[in-house]
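>>> need a structure here:
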Amino acid sequence: MPVLNRIADFAPEMTEWRRYLHQHPELSFACHKTAAFVAEKLREFGVDEIHEGIAETGIVAIIEGQGEGPTIGLRADMDALPIAEETGADHASTVPGVMHACGHDGHTTMLLGAAKYLAETRRFKGRVALIFQPAEEDGGGGEAMVREGILDRFGIGEVYAIHNTPQVPLGRFVTTPGPIMAAVDTVRVDLTGKGGHGAYPHDCIDPIPAAIGMVGALQTIASRNVNPLDEVVVSITQIHAGTASNIIPETAWFMATVRTFRDEVRMQVKRRFEEIVAGHAAAYGVKAAIDYDLGYPATVNEPQRTVFAAEVAREVAGEAGVDDQAGREMGAEDFSYLLEKRPGCYLFLGQGAGAGLHHAAYDFNDEAAPFGATFFARLVERAQPL
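Numbers count the residues shown, from 1 in each chain. Predicted structure coming up:
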């Protein structure tokens, strides 16, 4: 079956909600207006419980079904990005330098749409826990909500989430069993030498050649240290040094992002990264300080729940509208913290042509929201049938 009739009926309302959220983006954990808007709508829908202030601005809302049963968790992220919007839309961001460039306004709207439907119909057993999470882009709001005990506190047995994806046909669902998104680590390396006049390099200890040597050698981690069958990315994303053409600087620094899937490989890359930096620092005579931040873990779908989620998605999008063997990608997602603790599935939902994620011209396609809301609603009704 396609989009549920009742959800199609209030799809124009969902567009209004989404565009309001788009106009009022907020960063990281500071989703105060967003959370207030979500809580107001949930009260209008008549959900049974609303628990606010989790991980600062997160919300968990409970909808009771008919009769005893388990609790299924559905999650949406709420935060925006520090990007100046260039869509030219009537509903463009009203906050300078901040916009919903990743579609979290759409994710929140899809979950609100499911909440409205489920609170009206309640054609399921047990309970639904609606998880509205801040700080997916920066800060690890998923980890914070898990750390504050939402899974045990609300008895959540399994968890599901959707992320929109541009350039995939509208309404098409994409997922895969096992790892679907990578772990992400961020590294900063600070080098200290001895500055001086550019005409007298023998009186200096130049950190620039050291940085260049390190950056080149770090590329051998993926090509020579890690099994070629283990996907690894080591990307140097910033390098900074110097102030003038005739000055050898005292310091230099660079940053990297590291993407892996398996914990053993993650630790192998960290060890080799640190060994390469230390070795080159000794060779060039500079001091090196490494800040190696282990970030979000890999997002790993539980295979049986993935099969089930794909079955539900086929009800909404048809057989040809679901790819449940899409393979993994090197992006990262803090829904991984929930999937570490509970089985579940993370899916992508196509939203058609348009600018890519994290681009200043990106805008969520409102036509995708009813597909996502219907998926969430049918997921609950299928997982916990009367």
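>>> Report the buried residues of stretch 154-173.
Buried residues in stretch 154-173, counted by 16 or more other Cβ atoms under 10 Å: 154, 156-166, 168, 171-173. Yep, even glycine has a C-beta here, placed from its N, CA and C like the rest.
>>> my bad, should have said stretch 113-133
Within stretch 113-133, the residues that qualify as buried are 113-119, 121-122, 124-133, counting by 16+ other Cβ under 10 Å.
>>> try stretch 331-347
Within stretch 331-347, the residues that qualify as buried by neighbour count (16+ other Cβ under 10 Å) are 332-339, 342-347.
>>> From one end of it to the other, what's the distance?
Across its full length, stretch 331-347 reaches 13 Å end to end, with Cα to Cα, to the nearest Å as the criterion.
>>> tell me the mean pLDDT for it?
When pLDDT is averaged over stretch 331-347, the result is 98.
>>> ok, now stretch 357-377?
The predicted confidence, averaged over stretch 357-377, sits at 98.
>>> C-alpha coordinates for that stretch, CSV please?
Provided in CSV are the C-alpha atoms of stretch 357-377 (Å, rounded to 0.1, in the frame of the first residue of the first chain):
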residue,chain,number,x,y,z
LEU,A,357,23.4,17.4,2.0
HIS,A,358,25.4,20.1,3.8
HIS,A,359,25.1,22.4,0.8
ALA,A,360,23.9,26.0,1.1
ALA,A,361,21.3,25.4,-1.6
TYR,A,362,19.9,22.2,0.0
ASP,A,363,16.2,22.1,1.0
PHE,A,364,14.2,19.1,2.2
ASN,A,365,11.6,17.9,-0.3
ASP,A,366,8.2,18.2,1.5
GLU,A,367,6.8,15.5,-0.7
ALA,A,368,9.0,12.9,1.0
ALA,A,369,7.6,13.5,4.5
PRO,A,370,4.4,11.4,4.0
PHE,A,371,6.5,8.5,2.9
GLY,A,372,8.6,8.6,6.0
ALA,A,373,5.7,9.2,8.4
THR,A,374,3.8,6.2,6.8
PHE,A,375,6.9,4.0,7.1
PHE,A,376,7.2,4.8,10.8
ALA,A,377,3.5,4.2,11.4
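>>> in it, what's buried?
For stretch 357-377, the neighbour count (16+ other Cβ under 10 Å) marks 357, 359, 362-366, 368-377 as buried.
>>> same thing with stretch 311-322?
Going by neighbour count (16+ other Cβ under 10 Å), the buried part of stretch 311-322 is 312-317, 321-322.
>>> what does it rub up against?
1-3, 169, 171-175, 310, 324, 347, 371, 374-375, 378-379, 382 (Cβ atoms under 8 Å, 6 or more residues apart in numbering).
>>> hmm, 6 Å instead?
Residues from elsewhere that reach stretch 311-322, judged by Cβ atoms under 6 Å, 6 or more residues apart in numbering: 1, 171-173, 310, 371, 374-375, 378-379, 382.
>>> next one: stretch 145-165
Contacts with stretch 145-165, where a contact means Cβ under 6 Å, 6+ apart, come from 54-55, 58, 60, 70-75, 103, 106, 129, 133, 335, 337-338, 341-351, 372.
>>> tell me the mean pLDDT for the top helix by length along the chain?
In the chain, with assignment by DSSP state H, the single longest helix is helix 263-284. Averaged across helix 263-284, pLDDT comes to 98.
>>> Determine the set of other helices and strands touching that helix.
Taking 3 or more Cβ pairs under 6 Å, 6 or more residues apart in numbering; DSSP states H and E as contact, the helices and strands that helix 263-284 lies on are helix 207-218, strand 287-294.
>>> quick check: angle from it to helix 207-218?
Orientation check (axes from the mean of the first three to the mean of the last three Cα atoms, to 10 degrees): helix 263-284 against helix 207-218 gives 150 degrees.
>>> Just give me the closest of the buried residues of stretch 311-322 to Pro82.
Here the nearest of the buried residues of stretch 311-322 to Pro82, counting by Cβ to Cβ, is Ala313; it sits at 32.7 Å.
>>> what kind of secondary structure is the closest one in?
Taken by DSSP: H, G, I helix; E, B strand; the rest coil, the conformation at Ala313 corresponds to helix.
>>> Let's see the pLDDT reported for the spatially closest residue to it that is not a sequence neighbour.
What sits nearest to Ala313 in space, not counting adjacent residues and going by Cβ to Cβ, 6 or more residues apart in numbering, is Phe173, at 3.8 Å. pLDDT for Phe173: 98.
>>> measure Phe173 to Ile162 for me?
8 Å (Cβ to Cβ, to the nearest Å).
>>> tell me, what's touching those two both at once?
Contact with both Phe173 and Ile162 is made by residues 347, 349, according to Cβ under 6 Å, 6+ apart.
>>> Contacts only, for the spatially closest residue to Glu250 that is not a sequence neighbour.
Of all residues beyond its chain neighbours, the one nearest Glu250 is Gly195 (3.6 Å), with distances taken as Cβ to Cβ, 6+ apart. If a contact means Cβ under 6 Å, 6+ apart, then Gly195 has 248-250 as its contacts.
>>> try 10 Å this time
Gly195 makes contacts with 203-207, 242-243, 247-251, as judged by Cβ atoms under 10 Å, 6 or more residues apart in numbering.
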